[in-house]
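1. Predicted model and sequence below, questions to follow.
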Amino acid sequence: MADRTPIEWADATWNPITGCSRVSEGCRNCYAEIMAARFSKPGQWGEGLAQIVRKPDGSADHRWTGQVRLNDRALDQPLRWRKPRRIFVCSTSDLFHEGVPDEWLDRVFAVMALAPQHTFMVLTKRPERAREYVAPRLFESPSMQDRLWSIYHASRSKHVPAWPLPNVWLGTSIEDQATADARIPHLLATPAAVRFVSAEPLLGPVDLTGYLPDLDCGDGLDLAIVGGESGPGARPMHPDWPRALRDQCVAAGTAFFFKQWGEWAPATHDPEHGGYVLRQTEKVGPFDSWRANVFDPDRLEGVNWRRLGKKAAGRLLDGQVWDQMPEGKG
């Protein structure tokens with residue numbers, strides 16, 4: 001947990017649950033898995049959650065063990081934060097992992113209910129589990145409000161929670177069209193104050209038009225967060241992919257947040273100056289001072305790349321910062 005975070009769309013992180021397991025290609029270079037494996041020695045926070053493994057070529061890699069853990073000491077941390085924050089829930093795990101029992105989920109949701117000053121952003125790659133947990137509790141008897149209240153007593157707060165919690169945003173991670181089509185329908189079928197997707201790492205083109213609000217029903221995704229991959233094994237993001245998502249969101253009136261290009265900066269050939277020019281990064285020196293790295297030209301045809309790292313690659317999309325959030329919702 002952290003009262004501050006470098007994650008652009010959040011003010012803080014909160015990890016009442018740690019541990020996870022891979023479910024799709026977007027998990028390949030998971031920063032949380034790398035961190036847990038790095039600190040997996042006896043007595044360290046990642047012990048039992050991840051491990052260093054050897055690949056067939058002898059190189060080292062990292063793997064979740066699939067074990068998850070409830071962090072009791074971290075559970076009530078948001079209750080001690082008085083200033084309103086936008087909080088990324090379980091930034092190093094998945095709250096709706098199959099190993100997390102409903103009892104733990106009840107305790108996490110109880111804390112969120114008792115901290116209405118904060119906005120909690122819950123991001124999962126398992127929206128079907130989120131749907132199974134959240135949706136039936138609209139009709140339970142005793143009500144979900146009473147269940148949450150019984151976990152953390154009235155002495156802690158005079159706030160009476162509603163369900164679904166108005167300060168909880170529910171999102172799902174996608175990386176390509178296949179994961180979007182598999183996960184978003186579960187998300188949209190789940191009661192939530194705000195529903196969003198995080199397309200990071202974005203590994204292919206995605207058409208969200210079928211999941212965005214329309215004039216007839218007005219129901220659909222409220223926010224799309226988009227970003228390229230960072231870190232040692234990062235895969236570049238074709239500039240056409242975030243552009244298309246931006247245009248789809250603008251047309252539908254959905255908030256669009258461009259988080260980063262990631263490790264690789266896209267470049268275009270500039271014959272007049274005899275070299276390549278970075279599309280989004282200004283301070284690159286003389287045009288002929290470097291050669292662009294071409295990454296997987298068959299998959300990303302027409303785009304050349306320079307590996308600059310996340311900070312230097314920046315987060316401008318066509319010269320603009322996109323930091324939109326759903327209006328009036330945190």
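-> Happy to help now that I have it.
2. For the protein, just list every one of the helices.
-> 31-38, 102-113, 127-134, 144-151, 177-188, 240-252, 310-313 (DSSP state H).
3. Next up, the contacts around the most centrally placed residue in the chain.
-> Residue closest to the average C-alpha location in the chain (CA atoms, centre = their mean): Ser198, at 4.8 Å. The contact partners of Ser198, by CB atoms under 8 Å, 6 or more residues apart in numbering, come to 123, 171-174, 225, 227. Where you see a C-beta, it was placed from the backbone N, CA and C, and this is true even at glycine.
4. Repeat the analysis, applying 7 Å as the threshold.
-> Shown in contact with Ser198 (CB atoms under 7 Å, 6 or more residues apart in numbering): 123, 171, 173, 225.
5. Tell me what it is bridged to.
-> With DSSP bridges applied, Ser198 shows beta-bridge pairing to Ser173, Ile225.
6. do you know how far it is from Gly48?
-> 27 Å (CB to CB, to the nearest Å).
7. hang on, the earlier thing: possible to save the contacts of Ser198 as a markdown table with neighbour count and distance to Asp102?
-> A markdown table is the format used below for the contacts of Ser198 (neighbours: other CB atoms under 10 Å; distance: CB to CB, whole Å):
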| residue | neighbour count | distance to Asp102 |
| --- | --- | --- |
| Leu123 | 24 | 19 |
| Gly171 | 26 | 20 |
| Ser173 | 23 | 22 |
| Ile225 | 26 | 28 |
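8. how about these in CSV, adding distance to Val53?
-> As requested, the contacts of Ser198 are exported to CSV (distance: CB to CB, whole Å):
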residue, distance to Val53
Leu123, 26
Gly171, 30
Ser173, 23
Ile225, 30
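9. where does the protein dip in pLDDT?
-> 1, 139-161, 215-218, 267-304, 328-330 (pLDDT under 70).
10. Okay, strands next: where are they in it?
-> 12-14, 17-18, 50-54, 60-64, 69-70, 86-89, 119-124, 168-173, 194-199, 223-227, 255-260, 264-270, 275-278, 304-307 (DSSP state E).
11. neighbouring contacts of the fourth one?
-> The contact list for strand 60-64 (CB under 7 Å, 6+ apart) reads 19-22, 33-34, 37, 49-55.
12. Which one of those is nearest to Asp240?
-> Of all these, the one with the least separation from Asp240 (CB to CB) is Arg22, at 27.5 Å.
13. how near is that closest one to His97?
-> Distance from Arg22 to His97, by CB to CB: 11 Å.
14. Likewise for Tyr211?
-> 24 Å.
15. so what's Lys259 closest to, chain neighbours aside?
-> Gly227 (3.5 Å; CB to CB, 6 or more residues apart in numbering).
16. Quick check, that neighbour in contact with Phe257.
-> No. Using CB atoms under 7 Å as the test, Gly227 is too far from Phe257 to be in contact (8.7 Å).
17. that older thread, same list, the strands of the chain, but as JSON lines with distance to Arg4 please.
-> Shown next, in JSON lines, are the strands of the chain (distance: least, CB to CB, whole Å):
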{"stretch": "strand 12-14", "distance to Arg4": "6"}
{"stretch": "strand 17-18", "distance to Arg4": "19"}
{"stretch": "strand 50-54", "distance to Arg4": "24"}
{"stretch": "strand 60-64", "distance to Arg4": "26"}
{"stretch": "strand 69-70", "distance to Arg4": "23"}
{"stretch": "strand 86-89", "distance to Arg4": "11"}
{"stretch": "strand 119-124", "distance to Arg4": "15"}
{"stretch": "strand 168-173", "distance to Arg4": "20"}
{"stretch": "strand 194-199", "distance to Arg4": "20"}
{"stretch": "strand 223-227", "distance to Arg4": "19"}
{"stretch": "strand 255-260", "distance to Arg4": "17"}
{"stretch": "strand 264-270", "distance to Arg4": "26"}
{"stretch": "strand 275-278", "distance to Arg4": "30"}
{"stretch": "strand 304-307", "distance to Arg4": "28"}
